[in-house]
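Chemist: Here is a sequence with its predicted model. Questions after.
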Amino acid sequence: MNLTLKKIAEIVSGQLYNTDGELIVSDVSTPEDATKDKICFIFDKKYYNNIKNINAAAIVVENFFADVDTPQIVVSDVQLAFVRLLNKIFLERQNFYKGIHQTVVLGKDVVLGNNVSIGPYCVIGDNVEIADNTVLVCQIFIGDNVKIGKNVVIYPNVTIRENVTIGNNVIIHSGSVIGSDGFGYIQRNGKHIKIPHIGKVVIEDDVEIGANVTIDRATIGSTLIKKGTKIDNLVHIAHNVEIGENVLLIAQVGIAGSSKIGDNTILAGQTGVTDHIKVGKNVIAGPRTGIVQDVEDNKIVWGTPPIPFEEQKKISVASKRLPRLLIEFSKLKSKVEQLEKLLLKFLK
């Protein structure tokens, strides 16, 4: 990266100590891997007692250490400072194709904003609108009547089917499919008859969609992902689902059709939600939770069916004692049977 400490302090909104700021650093490291050309962010207080021995070019901390000679950048929030610097490095390392590559296939009546970049082998359907500063990296399919907002980045091998709307500042990672057919059938005479899905997908601003995510279009109406939501890799969102604002969906979550997930909710890895379920706001569901009934606002749940987290923890701890308890129960049962025999003899 090759940045001076002065420039880094500017990026992270920090105050310099023990340096004129002209020292150049080339990378970011952990305290354990620090060297004299790297800067180190001190998140954990466990390093405070040994901070003098961190062999870094500079350290970023929330409080100045007067007895430490190492150059220091003091910030109000080390984690936020770390994210700001990484974002700077990340943006500099992005090397997208600039302009419209000669291999791109453009449909009829496509409208492109200012500074749009479309890389090799992308296919753009008819009546597509792509707003300013958006990047389609390469090998991307965009169906008819799709609208994509400003400052969007779409990585290779993404498919966006017809009639999808994507807001501003959205990131879609490789392999994801947006607007695929929903999974819906009716049964007649022992056969599965497909229900056509003619609805839309709407993705609002500031959403990030991980790799190999599938979001199905609605039967009618819209499948909706509201602003600020972040979706991890390998998540499936079925037709007519509504995801609230600032939701976190962790890897391998599956949400069945027409369910609604409230604002600020977190569904941990491999959680499943059955169809037509309502999960409230500010809910946290532990890993592998099976949500088969509505969950009220502000609940922390775990298990199948979901129960309060603390109760499920007790059940999990108790279940580990079951083998020993079964042995003890068997011994106790044997003793009771012996006592019953003795009692019968006594009564005779």
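Modeler: Done, it's in.

Chemist: Any buried residues in stretch 76-94, and which?
Modeler: Val78, Ala81, Phe82, Arg84, Leu85, Lys88 (16 or more other Cβ atoms under 10 Å). C-beta: built from backbone N, CA, C; applies to glycine.

Chemist: next one: stretch 38-54
Modeler: For stretch 38-54, by 16+ other Cβ under 10 Å, it's Lys38, Ile39, Cys40, Phe41, Ile42, Tyr47, Ile51, Ile54.

Chemist: Just give the closest residue to Ile277, not the sequence neighbours.
Modeler: Nearest non-adjacent residue to Ile277, counting by Cβ to Cβ, 6 or more residues apart in numbering: Ser259, 4.4 Å away.

Chemist: could you measure that neighbour against Thr165, distance?
Modeler: Counting by Cβ to Cβ, to the nearest Å, the gap from Ser259 to Thr165 is 21 Å.

Chemist: between those two, which one's more packed in?
Modeler: Ser259 (21 against 18; other Cβ atoms under 10 Å).

Chemist: Pretty sure that one sits against Thr271.
Modeler: No. With contact defined as Cβ atoms under 8 Å, Ser259 and Thr271 do not form a contacting pair (11.7 Å).

Chemist: Can you tell me how far the residue nearest to Ile277 is from Pro306?
Modeler: Counting by Cβ to Cβ, the gap from Ser259 to Pro306 is 14 Å.

Chemist: Could you export stretch 238-249 as CSV, CA atoms only?
Modeler: Output in CSV follows, covering the C-alpha atoms of stretch 238-249 (Å, rounded to 0.1, in the frame of the first residue of the first chain):
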residue,chain,number,x,y,z
ALA,A,238,-37.8,-17.8,-1.9
HIS,A,239,-40.6,-16.1,-3.8
ASN,A,240,-42.5,-13.2,-2.2
VAL,A,241,-40.3,-13.1,0.9
GLU,A,242,-39.8,-9.7,2.5
ILE,A,243,-36.5,-9.0,4.3
GLY,A,244,-36.5,-5.9,6.5
GLU,A,245,-33.9,-3.2,6.9
ASN,A,246,-30.4,-4.0,8.3
VAL,A,247,-31.0,-7.7,8.5
LEU,A,248,-28.0,-10.2,8.7
LEU,A,249,-28.5,-13.5,7.0
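
Chemist: who touches it?
Modeler: Contacting residues not belonging to stretch 238-249 are listed as 182-184, 197, 199, 216-219, 221-232, 235, 237, 254-267, 275, 281 [Cβ atoms under 8 Å, 6 or more residues apart in numbering].

Chemist: Can I have the buried ones of those residues as a ChimeraX selection?
Modeler: With 16+ other Cβ under 10 Å as the criterion, this ChimeraX line picks the buried residues out of the contacts of stretch 238-249:
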select :182,184,197,199,216,217,218,219,222,223,224,225,226,227,228,229,230,231,232,235,237,254,255,256,257,258,259,260,261,262,263,264,265,266,267,281
